[in-house]
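> Quick one, fold the following:
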Amino acid sequence: MKSRREFLATTAALGSFPFIPHLMGMDMEIEDVQHPKTTAAMINGEKSIIGGYGPWAASLADQPPPLSFRHPSWNSPKKWRKKALAKTKELLAAPSLGEMIPQVEVKASYEYDGLVVEELAWQLPYGRPTSAVLLKPAGVTKALPGILGLHDHGGNKYFGNRKIANTAATLHPDMKAHQSEYYSGLAWANELAKRGYVVLVHDVFTFGSRRVWYQDMASIPWGACRVDDKSDDHPEASENIAIYNQWAGEHEHIMAKSLFCAGTTWPGITLAEDQRALDILCARPDVDANQVGCCGLSGGGLRTDYLGGLDHRIKCAVSVGFMTTWRDLLLNKSYTHTWMTYTPLLPRYMEFPEILGIRAPLPTMVLSSEEDQLFTLSEMKKADEILQAIFAKAGASAHYSGKFYPGIHKFDAVMQQDAFDWFDRWLGKSG
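Okay, the predicted model is just below:
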């Protein structure tokens, strides 16, 4: 039987569940079948996950695209940033969440492991209330730098903030395994808070408290709602959660299509919810709103790319395990990623790393693993070169750091240390 890591490496851990039989059992068979005129997943020596159409599709985007700061038509970072921001926001089509910051309810407050823990909730204009955890050093009275901790996807939509924040000595066994696999057994939000930061971790759209619930789908002729995750006697039994996560992975395709029909995008909704959490973090009296950062692995790295790139209240951003090019996704790896990634038509205007690059010259770090199964190393390197070029052209080379580490998809203790040191450098170590 495959280990969880092997299983996720095969299915890419990001919601590819409908294709598990195909990916696990049929790759070799497809390779061996010869079709006279279509052996032709190879054209000009290049193989593609969309067969012979790959090179043609890759040729559709100009290089560099017109809203790339690398394009010779752009010399002023300020003018370029204004245009790039406007077009990206237009294409994201993020829904309005209203002008007012929602009222935040403190469900519980206590000390754990040297930290003050607040269990929070707030109501957005749609869906169930958002659950969140806030962590800060106990005994500190002055305002501290704030960090928005962005949880990963991981093919696990039942959980949200619990993936990276611990509030009790006893962990759910699934979360113990998750943190062991991806985070060196650490709840990195707690570790960062101990260094002198106020860290807020919230459930985002379709995860944790914000997930799609079986009972809301019960009368719809789609999917098998096999386990009611509230009325069942054991709602958090690992086997029930696994069933839910497979169902939710399949449901991503339905959700994405429906959101397009609503005139919005999944990245736009995620950005809007992350910005609302950022509003809440910045409004706290115990947070220095001029010293705020964000960080996350995988789906959290993706969220960092969009939030850090488009909201410049984020003074320091660390994206982990989610940096490549549109070309990599087009030709090699789109099947390994969630619908949360894609903003229709945006590749016409800028390369994927340039979403995060819009924040130049603000301090930015990207951490990548050389054997990351979700990306192609050559394209991760190319993305790093693009970001280096953007920051160099903006006169801020020292404000960008791209690092590569041995191993597969992760945010381990070594990488966490580098990320935390980067925050200390640019936001100031307090507490």
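> Tell me the first helix or strand C-terminal of the longest helix along the chain.
If you go by DSSP state H, the chain has its longest helix at helix 238-261. Once the chain leaves helix 238-261, the next helix or strand it forms, by DSSP states H and E, is helix 266-283.
> then that following helix to CSV, C-alphas only?
Coordinates of each C-alpha in helix 266-283 appear next as CSV, following Å, rounded to 0.1, in the frame of the first residue of the first chain:
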residue,chain,number,x,y,z
TRP,A,266,-11.6,31.1,-7.1
PRO,A,267,-8.4,33.1,-6.6
GLY,A,268,-10.5,36.3,-6.3
ILE,A,269,-12.6,34.9,-3.5
THR,A,270,-9.6,33.5,-1.7
LEU,A,271,-7.9,36.9,-2.0
ALA,A,272,-11.0,38.7,-0.7
GLU,A,273,-11.2,36.5,2.4
ASP,A,274,-7.5,36.7,3.1
GLN,A,275,-7.7,40.5,2.8
ARG,A,276,-10.6,40.6,5.3
ALA,A,277,-8.5,38.6,7.7
LEU,A,278,-5.7,41.0,7.1
ASP,A,279,-8.2,43.9,8.0
ILE,A,280,-8.9,42.2,11.3
LEU,A,281,-5.2,41.6,12.1
CYS,A,282,-4.2,45.2,11.2
ALA,A,283,-7.1,46.6,13.3
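> Tell me the helices and strands packed up against that helix.
On a contact count with 3 or more CB pairs under 8 Å, 6 or more residues apart in numbering; DSSP states H and E, helix 266-283 meets helix 77-92, strand 115-122, strand 130-137, strand 144-150, strand 198-202, helix 238-261, strand 287-297, helix 299-310. In this view, the C-beta of every residue, glycine as well, is placed from N, C-alpha and C.
> Next, the residue lying closest to Trp122 once chain neighbours are set aside: phi, psi?
Nearest non-adjacent residue to Trp122, counting by CB to CB, 6 or more residues apart in numbering: Pro102, 4.2 Å away. Backbone torsions of Pro102, given as degrees, to the nearest 10, read phi -60, psi 150.
> count of neighbours near Pro102?
17 (other CB atoms under 10 Å).
> Isn't it up against Leu124?
Yes. Under the criterion of CB atoms under 8 Å, Pro102 makes contact with Leu124 at 6.6 Å.
> Find residues that contact each of those two.
Listed contacts common to Pro102 and Leu124 are Arg276; contacts here mean CB atoms under 8 Å, 6 or more residues apart in numbering.
> right, so of the helices and strands packed on helix 266-283, which gets closest to Gln63?
helix 77-92 (16.3 Å; CB to CB).
> Who are the packing partners of the closest one?
Packed next to helix 77-92, using 3+ CB pairs under 8 Å, 6+ apart, are helix 266-283, helix 299-310.
> contacts for it?
Outside helix 77-92, the residues that touch it by CB under 8 Å, 6+ apart are 67, 69, 74, 265, 267-268, 271, 306, 309-310, 343-346, 349-350, 354-355, 358, 360-361, 393-395.
> Direction included, what does whichever helix or strand comes after that helix pair up with?
Where DSSP H and E defines the elements, the next helix or strand beyond helix 77-92 is strand 105-112. Its sheet considered, strand 105-112 pairs with strand 115-122 (antiparallel) by DSSP bridges.
> Could you check the angle the partner strand makes with helix 266-283?
Put simply, strand 115-122 runs at 130 degrees to helix 266-283, going by axes from the mean of the first three to the mean of the last three CA atoms, to 10 degrees.
> how distant is strand 115-122 from the center of its chain?
Mean-position distance between strand 115-122 and its chain equals 22 Å (CA atoms, centre = their mean, to the nearest Å).
> repeat for stretch 309-326
9 Å.
> Can you list the buried residues in that stretch?
Residues of stretch 309-326 classed as buried by neighbour count (16 or more other CB atoms under 10 Å): 309-311, 313-326.
> And stretch 185-192, by the same measure?
Applying 16+ other CB under 10 Å to stretch 185-192 flags 186-192 as buried.
> export those to JSON lines and tack on pLDDT?
Below are those laid out as JSON lines (pLDDT from 0 to 100):
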{"residue": "Leu186", "pLDDT": "98"}
{"residue": "Ala187", "pLDDT": "98"}
{"residue": "Trp188", "pLDDT": "98"}
{"residue": "Ala189", "pLDDT": "98"}
{"residue": "Asn190", "pLDDT": "98"}
{"residue": "Glu191", "pLDDT": "98"}
{"residue": "Leu192", "pLDDT": "98"}
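> wait, which of those is closest to Thr376?
Distances from Thr376 to those, taken by CB to CB, are shortest for Trp188, at 26.2 Å.
> Show me the buried residues of stretch 309-326 that map onto strands.
Here DSSP state E is the test, and those give 316-320 as lying in strands.
> Could you work out the most separated pair of the residues you listed?
Cys316 and Val320 (13.6 Å).
> which residue ranges form the helices in the stretch 301-431 of the chain?
326-328, 353-357, 377-393, 413-427 (DSSP state H, counting those that start in this stretch).
> Format the helices and strands packed on helix 266-283 as TSV; extra columns: distance to Trp222.
As requested, the helices and strands packed on helix 266-283 are exported to TSV (distance: least, CB to CB, whole Å):
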stretch	distance to Trp222
helix 77-92	27
strand 115-122	29
strand 130-137	25
strand 144-150	29
strand 198-202	28
helix 238-261	6
strand 287-297	30
helix 299-310	24
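> Fine by me, we can end here.
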